[in-house]
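Enquirer: build me a structure from this.
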Amino acid sequence: MTVPSLMQNHQRKTYVTQLHKVYNELQQAALQYMTEKNAINMKEAGFTNQDAANKFIEDHFKIVNNCGTTQVPCFAETSDYKKLSGVTIGTWGGCASTRAHYSLASGASIGICYRLIGSDLISEIFVDVNGQKGPNIVGRDLFNFLLYNNGVIDDLDSSAPPLSEEVRDNLFSSVCESSTPTQWHGCLGKILNDNWEMTY
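Expert: Below is the predicted model:
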């Protein structure tokens, strides 16, 4: 292999390692949140509004900067982020006015909003595994997580997770790899399907 491709592979492994760490921490936090309240799901535990979503992050992560509903400086500007296709992302999700943004001690940034979609999806979470640092590309260092009522983190779908490999692959090809600037989920599911490898 050439030196550039070796460096690229190493960088991708680094992103995935950082992503896996945040994913595991969020998954453990959801389980702990339900256990603390002796609840069978997130809603029963009290995850029913934006204040609860904020408290969920603040109680379970080491926060070094709380940016509130302001994206910067916890994340880069929206115009600094691109998709895999090279197009600049056009929006910062469907609940930009209410999302809370945090910088974590690990160097990652998390944006969370309470967002009901169907009966199972309760929250949208944006994760930049290395904060404002580049490359600021969706599917490399920026990912869209979805938190469901059963406490599982997965990609976007109307049914309760875990999602099928087929659904995740379809989301990857139709959204993550697409040039649609206003949608940028679908990348996490591909990594979950490929056993925490960034194969694209």
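Enquirer: quick check: what element follows the helix or strand of the chain with the lowest mean pLDDT along the chain?
Expert: Counting by mean pLDDT, DSSP states H and E, the chain has its least confident helix or strand at helix 3-36, which shows a mean of 91. Next along the chain after helix 3-36, taking DSSP states H and E as the criterion, comes helix 50-60.
Enquirer: can you list contacts of that next one?
Expert: Contact with helix 50-60 is made by 25, 29, 32-33, 46-47, 63, 66, 98, 100, 102, 110, 112-114, 123, as judged by CB atoms under 8 Å, 6 or more residues apart in numbering. Heads up, the C-betas are built off the backbone N, CA and C, glycines and all.
Enquirer: what residues sit buried inside that helix?
Expert: Within helix 50-60, the residues scored as buried using 16 or more other CB atoms under 10 Å are 50, 52-54, 56-57, 60.
Enquirer: pLDDT at Ser158, what is it?
Expert: Here, the pLDDT recorded for Ser158 equals 83.
Enquirer: how many residues are close by Leu146?
Expert: 23 (other CB atoms under 10 Å).
Enquirer: in the contacts of helix 50-60, find the pair that's most separated.
Expert: Gln32 and Thr98 (23.9 Å; CB to CB).
Enquirer: returning to that earlier point: of all the contacts of helix 50-60, which comes closest to Thr91?
Expert: Cys113 (13.0 Å).
Enquirer: surely the closest one is in a helix?
Expert: No - using DSSP: H, G, I helix; E, B strand; the rest coil, the assignment for Cys113 is strand, not a helix.
Enquirer: so Thr88 bridges to which residues?
Expert: Beta-bridge partners for Thr88, by DSSP bridges, are Lys82.
Enquirer: please apply the same query to Leu147.
Expert: Ser123, Ile153.
Enquirer: give me the neighbour count for it.
Expert: Using other CB under 10 Å: Leu147 sits among 26 other residues.
Enquirer: picking up where we left off before, redo the buried residues of helix 50-60 as JSON lines? Include distance to Phe75.
Expert: As requested, these are exported to JSON lines (distance: CB to CB, whole Å):
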{"residue": "Gln50", "distance to Phe75": "18"}
{"residue": "Ala52", "distance to Phe75": "22"}
{"residue": "Ala53", "distance to Phe75": "17"}
{"residue": "Asn54", "distance to Phe75": "16"}
{"residue": "Phe56", "distance to Phe75": "19"}
{"residue": "Ile57", "distance to Phe75": "14"}
{"residue": "His60", "distance to Phe75": "20"}
